[in-house]
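K.L.:
sequence first, predicted model second:
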Amino acid sequence: MPNNTKLIVLDRDGVINEDSDEYVKSPDEWIPIAGSMEAIARLNRGGYRVVVATNQSGIARGMFDLETLSAMHKKMHDLANEAGAHIDGIFFCPHGPDDKCHCRKPKPGLFEEISARLGMPMEGVPVVGDSLRDLQAGTSVGCKPFLVKTGKGKKTAEKKDELPAGTLVFADLAALAAHLVPADPFANNRK
């Protein structure tokens, strides 16, 4: 992989799609947050490889199975493609909070797997989440934390003292993408 390739790690529920306290359990319940797919496309045009790191304890809880999760992710990929976006990979933890696994955020396992699979160090890589555990998992391996106020983000933002040092806060993924890629690289001076 070229050294100039940039990487960004996004949480899924509450960052890319609407979150639910009852869990997102089917493709029909998987609803993108307005502007999120276009934000991913903007990040791609700015040279970012986009990967998703998500806890999916609904599997361990018996709320949905791997086939249903795959269908949700197919919908996400299809909608991303329609918006001109590309998601390079989805890394998920299927375990519940009592399973003592190493991959459930806030533990760093998903990020270590991303680094190993892509052959890229995680130091300085933006991690985008709506919850404290998203940011903690990323910062534990050297990622730069970004909080979005979608999903659980507004409540998380109120816990200023608990946020990792240097956390930047944005209204949503679109605002963050505009910050990281201020000028759309393919916008030409049309007259």
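P.N.:
Thanks, I have the structure now. Numbering: from 1, shown residues only.
K.L.:
can you tell me which residues contact residue 97?
P.N.:
57, 104 (C-beta atoms under 8 Å, 6 or more residues apart in numbering). All C-beta atoms are positioned from the backbone trio N, CA, C, and that covers glycine.
K.L.:
that one: what secondary structure?
P.N.:
coil (DSSP: H, G, I helix; E, B strand; the rest coil).
K.L.:
please apply the same query to residue 9.
P.N.:
Classified using three-state DSSP, residue 9 is strand.
K.L.:
just the strands in the protein please.
P.N.:
Per DSSP state E, the chain carries strands over the ranges 6-10, 48-55, 87-93, 126-129, 144-148, 168-170.
K.L.:
can you check which helix is longest in this structure?
P.N.:
Ranked by residue count and defined by DSSP state H, the top helix of the chain is helix 66-82.
K.L.:
I'd like the mean pLDDT over that helix, please.
P.N.:
The predicted model assigns helix 66-82 a mean pLDDT of 98.
K.L.:
tilt between that helix and strand 87-93?
P.N.:
150 degrees (axes from the mean of the first three to the mean of the last three C-alpha atoms, to 10 degrees).
K.L.:
dump helix 66-82 to PDB, keeping only the CA atoms.
P.N.:
This file holds the C-alpha atoms of helix 66-82, laid out as PDB (Å, rounded to 0.1, in the frame of the first residue of the first chain):
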ATOM      1  CA  LEU A  66     -24.600 -13.100  10.700                       C
ATOM      2  CA  GLU A  67     -26.700 -13.400   7.500                       C
ATOM      3  CA  THR A  68     -28.800 -10.500   8.600                       C
ATOM      4  CA  LEU A  69     -25.800  -8.400   9.500                       C
ATOM      5  CA  SER A  70     -24.300  -9.200   6.100                       C
ATOM      6  CA  ALA A  71     -27.600  -8.000   4.500                       C
ATOM      7  CA  MET A  72     -27.400  -4.700   6.500                       C
ATOM      8  CA  HIS A  73     -23.800  -4.200   5.400                       C
ATOM      9  CA  LYS A  74     -24.700  -5.000   1.800                       C
ATOM     10  CA  LYS A  75     -27.300  -2.200   2.000                       C
ATOM     11  CA  MET A  76     -24.700   0.100   3.400                       C
ATOM     12  CA  HIS A  77     -22.200  -0.700   0.600                       C
ATOM     13  CA  ASP A  78     -25.000  -0.300  -2.000                       C
ATOM     14  CA  LEU A  79     -26.000   3.100  -0.700                       C
ATOM     15  CA  ALA A  80     -22.400   4.200  -0.500                       C
ATOM     16  CA  ASN A  81     -21.800   3.100  -4.100                       C
ATOM     17  CA  GLU A  82     -24.900   5.100  -5.200                       C
END
